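>>> predicted model, plus sequence, below.
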Amino acid sequence: MSERIFRDGEADLSFRAGRFAGKTLIYLLLIAWAIVCLFPIYWTITTSFKTAPNVMQGALIPWIDYTPAWLGWRSLGLSPETIGAESTVRDEFMKRFYNSAITSVVSSSLAVILGSLAAYGLSRFSYRFGFMRNSDISFFFLSQLILPPVVLALPFLVLYKQLALLDTRIGLIMLYTLTVLPIVIWIMRDQFASIPTELEEAALVDGLSIWGAFLAIILPIALPGMMAAFILSLVLTWNEYFFAALLTSTHANTLPVMVASQTGSQGISWWSMAALSFAAIVPLIVIGVLLERYLIKGMTAGAVK
């Protein structure tokens with residue numbers, strides 16, 4: 001009897017040791033992956049405080065490999081000694097920041113509104129357009145992402161020139177809305193498909209119309225998915241460079257265009273580019289932290305019915 005108890009205790013101890021080792025391995029892998037994901041941000045922040053020799057030497061750790069300086073932030077008028085003085089570069093940065101904020105927020109909002117309506121229709125009603133059914137229509141929207149942007153460059157350039165939309169925020173908003181609309185439709189279609197139709201049927205029995213049931217019942221349930229689609233659209237439009245560089249020149253330039261323009265007669269100003277890049281990603285980090293719970297709910301909605 002005592003031998004059996006000893007064996008059971010030894011087996012339980014081995015099981016606990018194996019479980020602890022498994023958890024330790026998982027945490028180590030997660031920590032390693034977090035370091036890989038966060039290292040570009042760390043490199044960007046540290047580079048913004050480097051001088052030219054530090055950048056060329058590949059200095060990595062502040063106060064050990066190099067002494068931090070405000071060279072990158074001073075070139076943008078954002079260092080402690082220049083923040084209170086007038087700065088043409090800082091005014092230009094704020095102008096580009098404002099352009100990026102307006103175009104990305106408005107286009108993402110429009111894409112979520114239009115995409116949610118289209119996705120709700122595709123998930124609740126049956127359509128027939130020639131040989132195309134609901135699945136074909138959904139794939140048609142997704143197929144718009146197959147074309148590389150360079151293929152659309154000349155048509156949009158000619159069209160915007162004829163419509164006097166070159167170098168305007170309205171032109172970028174319209175283009176960005178069309179760009180992210182297919183992604184929003186696919187995300188929201190799955191969101192609405194995961195919501196039981198019995199909820200709408202009960203609302204219709206209670207006297208609500210189709211629009212009333214959608215606004216009062218379905219929309220609050222699908223809100224996390226809409227927030228996830230909005231965040232994804234915001235990230236894509238905020239970081240878009242190709243069309244912003246092609247269709248704007250002076251008045252509607254965005255931050256990615258300004259980041260790419262940090263070159264001079266002596267080469268690339270890596271410290272200025274790093275400072276500007278970090279200042280550009282801070283709003284996305286803040287939005288991601290504040291809306292994290294909506295993002296997680298939106299991405300996991302429909303996984304378990």
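Looks like it came in fine.
>>> residue boundaries of the strands in this structure?
263-264, 267-268 (DSSP state E).
>>> state the mean pLDDT of the last one.
This predicted structure assigns strand 267-268 an average pLDDT of 74.
>>> and that strand, how far out from the chain's middle?
28 Å (C-alpha atoms, centre = their mean, to the nearest Å).
>>> hang on, the earlier thing: any chance of the strands of the chain in JSON lines, with mean neighbour count and distance to Pro196 too?
Yep, even glycine has a C-beta here, placed from its N, CA and C like the rest. Output for the strands of the chain, formatted as JSON lines (neighbours: other C-beta atoms under 10 Å; distance: least, C-beta to C-beta, whole Å):
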{"stretch": "strand 263-264", "mean neighbour count": "10", "distance to Pro196": "56"}
{"stretch": "strand 267-268", "mean neighbour count": "10", "distance to Pro196": "55"}
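>>> let's have the ones you listed in JSON lines, adding distance to Leu159.
Formatted as JSON lines, the strands of the chain follow (distance: least, C-beta to C-beta, whole Å):
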{"stretch": "strand 263-264", "distance to Leu159": "30"}
{"stretch": "strand 267-268", "distance to Leu159": "33"}
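>>> so for Leu29, which of these sits nearest?
Among the strands of the chain, the nearest to Leu29 by C-beta to C-beta is strand 267-268 (35.3 Å).
>>> residues in contact with stretch 118-131?
By C-beta atoms under 8 Å, 6 or more residues apart in numbering, the surrounding residues in contact with stretch 118-131 are 133-134, 137-138, 141, 181, 184-189, 191-193, 197, 200, 214, 218.
>>> nearest residue to the middle of this structure?
Centroid-nearest residue in the chain, with C-alpha atoms, centre = their mean: Val235, separated by 2.4 Å.
>>> tell me who's in contact with the nearest residue to it once chain neighbours are set aside.
Leaving aside its chain neighbours, Val235 sits nearest to Leu284 (6.0 Å; criterion: C-beta to C-beta, 6 or more residues apart in numbering). Contacts for Leu284 were tallied using C-beta under 8 Å, 6+ apart; they are Leu234, Val235, Trp238.
>>> and those residues, which is closest to Phe39?
Looking across the contacts of Leu284 and measuring by C-beta to C-beta, the closest to Phe39 is Val235, at 19.2 Å.
>>> residue ranges with poor pLDDT in the chain?
1-15, 264-266, 294-305 (pLDDT under 70).
>>> which segments of it make up each domain?
Domain segmentation of the chain under automatic domain parsing yields 2-74, 88-300.
>>> can you tell me which of those is most buried?
domain 88-300 (a mean of 17; mean count of other C-beta atoms under 10 Å).
>>> among the strands of the chain, which comes closest to Asn253?
strand 263-264 (15.2 Å).
>>> where do the helices of the stretch 101-250 of the chain begin and end?
134-143, 149-162, 169-193, 198-205, 210-213, 219-238, 242-247 (DSSP state H, counting those that start in this stretch).
>>> redo those helices as JSON lines? Include distance to Tyr27.
Converted to JSON lines, these look like this (distance: least, C-beta to C-beta, whole Å):
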{"stretch": "helix 134-143", "distance to Tyr27": "37"}
{"stretch": "helix 149-162", "distance to Tyr27": "40"}
{"stretch": "helix 169-193", "distance to Tyr27": "31"}
{"stretch": "helix 198-205", "distance to Tyr27": "41"}
{"stretch": "helix 210-213", "distance to Tyr27": "46"}
{"stretch": "helix 219-238", "distance to Tyr27": "27"}
{"stretch": "helix 242-247", "distance to Tyr27": "40"}
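>>> between those helices, which gets nearest to Gly115?
Judging the helices of the stretch 101-250 of the chain by C-beta to C-beta, what sits closest to Gly115 is helix 169-193, at 3.1 Å.
>>> for that closest one, the distance to its chain's centre please.
How far helix 169-193 lies from its chain's middle: 13 Å, per C-alpha atoms, centre = their mean.
>>> that one vs helix 149-162, what angle?
Calculated by axes from the mean of the first three to the mean of the last three C-alpha atoms, to 10 degrees, helix 169-193 forms an angle of 130 degrees with helix 149-162.
>>> thinking again about what came up before, closest one of the contacts of Leu284 to Tyr98?
For the contacts of Leu284, the nearest to Tyr98 is Trp238 (12.6 Å; C-beta to C-beta).
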